[in-house]
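J.: build me a model from this:
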Amino acid sequence: MQKLALLFILLLSGNVLFAQTEKRPLTFDEILKWERITETHISNDGKFIVYKQEPWKGNTSLKVTTAKGDEKASIACATSAKISANSKYLIYTLKTPVDTVRALKLKKTKAEDMPQDKLVIYNLEKGNSQEIPYIKSSKVPKEWAGWIAYQAKEKAKKDAKAFPLFIHNVNTNNTKEIPNVNAYVFAEEKEVLAFISEGDSLFDAGAYVYNLKEGSETKILDGKGKIKQLTINKSGSKVAFIGDLSEEKEASYSLYAWTGSDTAQVVTDNTNTAIPTNWEISENGSLSFSDNDERLFFGTAPKKAPKDTTVLDEEIPVLDVWHWNEEQLQTVQLHNKSKDAKKSYLAVYHFDTNKAVQLETELFSRIRKIQNGDADLL
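T.: Purely as a prediction, here's the structure:
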């Protein structure tokens, strides 16, 4: 009898263990909940670590911990974190919860009535925060602290490109507003900000350099036009951009540079013999200074044929032709069509000789600068 009882207990425990070890299938919903770490930041003083946990579908969260791993804060729906250079502030964007956005979309809520992002300035030492609503963009200096810049507007047109710019002093809480700004950039090493404003009835349109410590602004270009690719050197002593101040529909860009005095001057335009025949300064390139500030790199590209306005789009036949010995498959060519149409080729302007040189061609491209453009070789 004892043997039978013992056998019954063994069989029962075996069934329990089998039930415990039996694996159930993993569902797709559970996979969507898996979280990845998609942002990591360490404060310059090494005291704080910030990282973002992001599921494949759902709300993100920012985790703020000490260097020892103690959690200081967990912030739901937060993203795009930046830590100020003095390690005092965490600046991040606060999104609307995914479920709330989905519910509003199901109700056919208009885009202009949807809840907008907020910018949050979080004090890492004290744990308090300040929220700024209706945020459109923000920038935080990398090498120095004390100011942030952001754009915000409650009601904005869907295709709007210019918004008010707010320059905010995080120490004094003072804020300066500049109207209708479509581009702005901080200098890396000095407390200087460059911006382009379309102006209003009280503020002139143009390009400006703003000295944050002195609270003074310098107009380096007067007038409204097509101005793009705003860039500034590390010390804030030079600014460059491409611009067309004419009222022509088809833009013809010139390369402008400001070197610390007077106003920005055209240093190269499309009449320069250094630019190949039937080429032009490209609006799709990018501007950058060499580290020693002696060179300004920009992009050029072949001119595009003007669009025939006498023919409707539906009257133009579409035909794809591909040959078997081409380097790329037709599907790859179609996928890269938009990217290839915006391709630009590297050129450089030398400040010491006032000379432009075309570096890349259609046959010889993908050049890499050595020593961030300081070297004489590429």
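
J.: for the rest of this, base every contact and every neighbour count on C-alpha atoms.
T.: Noted.

J.: where does residue 230 land in three-state SS?
T.: Following DSSP: H, G, I helix; E, B strand; the rest coil, residue 230 is assigned to strand.

J.: correction: residue 270
T.: Under three-state DSSP, residue 270 comes out as coil.

J.: what's the closest non-adjacent residue to it?
T.: Ranked by C-alpha to C-alpha, 6 or more residues apart in numbering and with sequence neighbours excluded, the top spatial neighbour of residue 270 is residue 280, at 5.3 Å.

J.: and the gap between that neighbour and residue 62?
T.: Separation of residue 280 from residue 62 (C-alpha to C-alpha, to the nearest Å): 45 Å.

J.: who's in contact with residue 257?
T.: 238, 239, 240, 241, 264, 265, 266, 267 (C-alpha atoms under 8 Å, 6 or more residues apart in numbering).

J.: quick one: strands adjacent to the helix or strand encompassing it?
T.: Using DSSP states H and E, the element containing residue 257 is strand 254-258. Counting by DSSP bridges, the strands paired with strand 254-258 are strand 239-244 (antiparallel), strand 265-268 (antiparallel).

J.: correct me, but the residue nearest to residue 270 touches residue 300?
T.: Yes: between residue 280 and residue 300 there is a contact under C-alpha atoms under 8 Å: 5.5 Å.

J.: who's more crowded, those two?
T.: Between residue 280 and residue 300, residue 300 has the larger neighbour count (other C-alpha atoms under 10 Å), namely 26 against 22.

J.: what kind of secondary structure is that one in?
T.: Quick answer, by three-state DSSP: residue 300 is strand.

J.: distance of it from residue 26?
T.: 53 Å.

J.: over to residue 167?
T.: 50 Å.

J.: in stretch 161-168, what counts as buried?
T.: Neighbour-count burial for stretch 161-168, counted by 16 or more other C-alpha atoms under 10 Å, picks out 162, 163, 164, 165, 166, 167, 168.

J.: now do stretch 221-228
T.: Neighbour counts over stretch 221-228 (16+ other C-alpha under 10 Å) mark 221, 224, 225, 226, 227, 228 as buried.

J.: same question for stretch 146-161.
T.: So, applying 16+ other C-alpha under 10 Å, buried residues of stretch 146-161: 146, 147, 148, 149, 150, 151, 152.

J.: what about residue 318, which SS state?
T.: Under the three-state scheme (three-state DSSP), residue 318 adopts coil.

J.: how far away is it from residue 69?
T.: Counting by C-alpha to C-alpha, the gap from residue 318 to residue 69 is 60 Å.

J.: more neighbours: the two, which one.
T.: A side-by-side neighbour count of residue 318 and residue 69, using other C-alpha under 10 Å, places residue 69 first with 10 against 7.

J.: which SSE is that one in?
T.: Here residue 69 is assigned to no helix or strand, by DSSP H and E.

J.: report pLDDT for it.
T.: Residue 69 is assigned 90 on the pLDDT scale.

J.: got it, and residue 7?
T.: 47.

J.: repeat for the one 3 residues further on
T.: What the model reports as pLDDT for residue 10 is 47.

J.: what average pLDDT does the single longest strand found in the chain get?
T.: Using DSSP state E to define each element, the chain has its longest strand at strand 175-186. What strand 175-186 shows for mean pLDDT is 96.

J.: likewise for stretch 193-210?
T.: 95.

J.: buried residues in that stretch?
T.: For stretch 193-210, by 16+ other C-alpha under 10 Å, it's 193-199, 205-210.

J.: ditto for stretch 53-67
T.: For stretch 53-67, burial by neighbour count (16+ other C-alpha under 10 Å) applies to 53, 54, 55, 59, 60, 61, 62, 63, 64, 65.

J.: show me those that map onto strands.
T.: Reading strands off the buried residues of stretch 53-67 with DSSP E, I get 53, 54, 55, 61, 62, 63, 64, 65.

J.: tell me which of those is nearest to residue 364?
T.: residue 54 (41.3 Å; C-alpha to C-alpha).

J.: where's the closest one relative to residue 175, distance?
T.: From residue 54 to residue 175 the distance is 33 Å (C-alpha to C-alpha).

J.: ditto for residue 209
T.: Distance from residue 209 to residue 175, by C-alpha to C-alpha: 17 Å.

J.: could you do residue 301 as well?
T.: 41 Å.

J.: neighbour count winner among the two?
T.: Per other C-alpha under 10 Å, whichever of residue 301 and residue 175 has more neighbours is residue 301, with 24 against 14.

J.: what about the stretch 1-150 of the chain, any weak spots by pLDDT?
T.: Per-residue confidence for the stretch 1-150 of the chain (pLDDT under 70) gives these ranges: 1-22.

J.: got the phi/psi numbers for the closest residue to residue 182 other than its chain neighbours?
T.: In this structure, residue 182 finds its nearest non-sequential neighbour in residue 162, 4.3 Å apart by C-alpha to C-alpha, 6+ apart. The phi/psi pair for residue 162 (degrees, to the nearest 10) reads phi -120, psi 130.

J.: now do the same contact list for residue 162.
T.: Here residue 162 is in contact with 180, 181, 182, 183, 197, 198 (criterion: C-alpha under 8 Å, 6+ apart).

J.: change it to 6 Å
T.: 180, 181, 182 (C-alpha atoms under 6 Å, 6 or more residues apart in numbering).

J.: next one: residue 317 relative to residue 340, how far apart?
T.: From residue 317 over to residue 340 (counting by C-alpha to C-alpha), the distance is 21 Å.

J.: more neighbours: those two, which one.
T.: Shown here are residue 317 and residue 340; by other C-alpha under 10 Å, residue 340 has more neighbours (11 against 6).

J.: contacting residues for the nearest residue to residue 167 once chain neighbours are set aside?
T.: Nearest non-adjacent residue to residue 167, counting by C-alpha to C-alpha, 6+ apart: residue 149, 4.6 Å away. Applying C-alpha under 6 Å, 6+ apart, we find residue 149 in contact with 138, 139, 166, 167.
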